[in-house]
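Visitor: Pasting the sequence and the predicted coordinates here, then a few questions.
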Amino acid sequence: MLESKGISSLTGYVTSRLEELMMKDRVFARYAPFMEEFGYDEDSNTIYIKDNRTKRIAGITIVNNKLHCDVDEKEDCAHIGFAYSLPKVYEAMIRLGIPTPGTITENKGRRLVGT
């Protein structure tokens, strides 16, 4: 099946999947070329994102069970959107028992906004 799409290697497959994700996820498509994971501090559960457009490093931490950006001082900036595309962020949230986008909250029984 992959060969019919011209994919014959793992790199080709990954590239193809990223293209599909970028088409589906506007935030990722818009900001991924400008941002990259820079580092992760497991002790403080902080992921660092390098913003190549602004030439700054954003620290994304969990504050009051929500992701918080130390550069924009917000919970809904482009750095946060990019952070949600990283598996380490989901792993940390699950490990800490924090609901991730797309999960049903215990106290409200409905999906979180943005899912």
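Guide: Sure, I can see it.
Visitor: Quick check: next helix or strand after the lowest-mean-pLDDT helix or strand in the chain?
Guide: Using mean pLDDT, DSSP states H and E, the weakest-scoring helix or strand in the chain turns out to be helix 26-31, at a mean of 63. Per DSSP states H and E, helix 26-31 leads on to strand 35-41 as the next helix or strand towards the C-terminus.
Visitor: Go through that following strand and flag the buried ones.
Guide: Neighbour counts over strand 35-41 (16 or more other CB atoms under 10 Å) mark 35, 37 as buried. Using the backbone N, CA and C atoms, a C-beta is placed for each residue, glycine as well.
Visitor: Ok, stretch 72-89 next?
Guide: Counting neighbours by 16+ other CB under 10 Å, stretch 72-89 gives 77, 78, 79, 80, 81, 82, 83, 84, 85, 89 as buried.
Visitor: Relative to residue 53, how far out is the third one?
Guide: I take that to be residue 79. Plainly put, residue 79 is 11 Å away from residue 53 if you go by CB to CB, to the nearest Å.
Visitor: which residues do those two both contact?
Guide: Taking CB atoms under 8 Å, 6 or more residues apart in numbering as the contact rule, the neighbours common to residue 79 and residue 53 are residue 35.
Visitor: got the residue ranges for the helices in this structure?
Guide: All helices of the chain, identified by DSSP state H, fall at 10-24, 26-31, 78-83, 87-95.
Visitor: That's all I had, so thanks and see you.
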